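Trainee: What follows is a protein structure lacking sequence information:
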Ligand SMILES: O=C1O[C@H](COP(=O)(O)O)[C@@H](O)[C@H](O)[C@H]1O
């Protein structure tokens, strides 16, 4: 994977505001299906990186309800996660489990192309899991994720990179173990900023007034100790897909 992002160009992001969370979820689903179809017209396999959080799962319910999902060749879609809670396979607090329960399980995916982060039942430590996950990303046949979907926490975190946390600025790895996470559970595995940036498109998906400050800081390029989202841009496009409540502290552009 290659690519360098100019983080000083804070205006090269697009913001799309939707009236409410359901409209936002349905719109992300339609946009995602279109993006996959476009990518499949150009490349054999499409690489998507998914996110946890409520909207990160809701969007799969929206995809599952979308007739256009039938046009996608889901067997040619590779799935990754930007982060995972370091919990055993099947734990209902895992991001992958929540995504599948919401609607991913209805899609005819190739299980060999679903790249889950190993939990404590399948690895010796979060560090070992992060190393194995990073090796899997490196070994994949892609030079970049096609779409990197990232939820944003009220504290401005993306994936499991929390502002001010020691793991946030790890720069010598694809994935990092996170301990003492400010948000439970305490142990996690996350892609690093470098890995997140190796994406053709980065989509931040955010709903709710409690995230309005994080959205404003992310869009306006706040420093890393205040906002992790602001440190990540796509190689071709950076999109903020938000509802009206989450957009309420943005200046008119
Ligand atoms: O813990 C996590 O939180 C964020 C955001 O979640 P939300 O519920 O506030 O939307 C999520 O993006 C991340 O993947 C997850 O591990």
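Mentor: Right, received. Where do you want to start? Note that the coordinates shown come from a computational prediction; the quantities given were computed from them, not determined experimentally.

Trainee: Can you confirm whether the lengthiest helix in the chain lies near the ligand?
Mentor: The longest helix of the chain (DSSP state H) is helix 21-42. No: using C-beta under 6 Å from any ligand atom, helix 21-42 stays clear of the ligand, with a minimum separation of 10.5 Å. C-betas here are computed from N, CA, C, even on glycine.

Trainee: Identify the residue spatially nearest to residue 192, adjacent ones excluded.
Mentor: residue 170 (5.0 Å; C-beta to C-beta, 6 or more residues apart in numbering).

Trainee: what's the neighbour count on whichever residue of the stretch 151-253 of the chain sits closest to the ligand?
Mentor: Proximity of the stretch 151-253 of the chain to the ligand (C-beta to the nearest ligand atom) peaks at residue 151, 2.7 Å away. Look at residue 151: counted by other C-beta atoms under 10 Å, it has 25 neighbours.

Trainee: Quick one: name the residues of the stretch 1-150 of the chain near the ligand.
Mentor: 51-56, 83, 85, 95.

Trainee: Which members of these define the maximum pairwise distance?
Mentor: Within those, two members stand farthest from each other by C-beta to C-beta: 55 and 85, at 16.7 Å.

Trainee: what does the longest helix of the chain rub up against?
Mentor: Applying C-beta atoms under 8 Å, 6 or more residues apart in numbering, the external contacts of helix 21-42 come out as 16, 18, 46, 48, 55, 58-63, 65-66, 68-69, 71-73, 76-77, 146-147, 149, 201, 203, 205, 207-208, 241-243.

Trainee: Tell me which entries of the residues you listed lie within strands.
Mentor: Residues of the contacts of helix 21-42 located in strands (DSSP state E): 16, 18, 46, 48, 77, 146-147, 149, 201, 203, 205, 241-243.

Trainee: Can you tell me which of these has the largest number of neighbours?
Mentor: Neighbour max across the ones in strands among the contacts of helix 21-42 (other C-beta under 10 Å) = residue 242, 28 neighbours.

Trainee: is it true that it touches residue 19?
Mentor: No: counting by C-beta atoms under 8 Å, residue 19 is not a contact partner of residue 242; they are 10.9 Å apart.

Trainee: if we can go back for a sec, quick one, phi psi at the residue of the stretch 151-253 of the chain closest to the ligand?
Mentor: Per-residue torsions, residue 151: phi -70, psi 160 (degrees, to the nearest 10).

Trainee: With adjacent residues omitted, what lies nearest to it?
Mentor: Residue 151's closest residue in space is residue 53 (C-beta to C-beta, 6+ apart), at 3.6 Å.

Trainee: Enumerate every residue touching the one residue in the stretch 1-150 of the chain that gets nearest to the ligand.
Mentor: For the stretch 1-150 of the chain, the residue closest to the ligand is residue 53, as judged by C-beta to the nearest ligand atom, at 2.5 Å. By C-beta under 8 Å, 6+ apart, the contact list for residue 53 reads 95, 151, 153.

Trainee: switch to 10 Å and redo it
Mentor: 59, 95, 98-99, 150-153, 205-207 (C-beta atoms under 10 Å, 6 or more residues apart in numbering).

Trainee: Any idea how many residues pack against residue 252?
Mentor: 3.

Trainee: which SS class is it?
Mentor: What DSSP: H, G, I helix; E, B strand; the rest coil gives for residue 252 is coil.

Trainee: What segments of the stretch 51-200 of the chain are strands?
Mentor: Along the stretch 51-200 of the chain, counting by DSSP state E, counting those that start in this stretch, strands occupy 77-81, 83-85, 145-151, 175-178, 188-191, 199-206.
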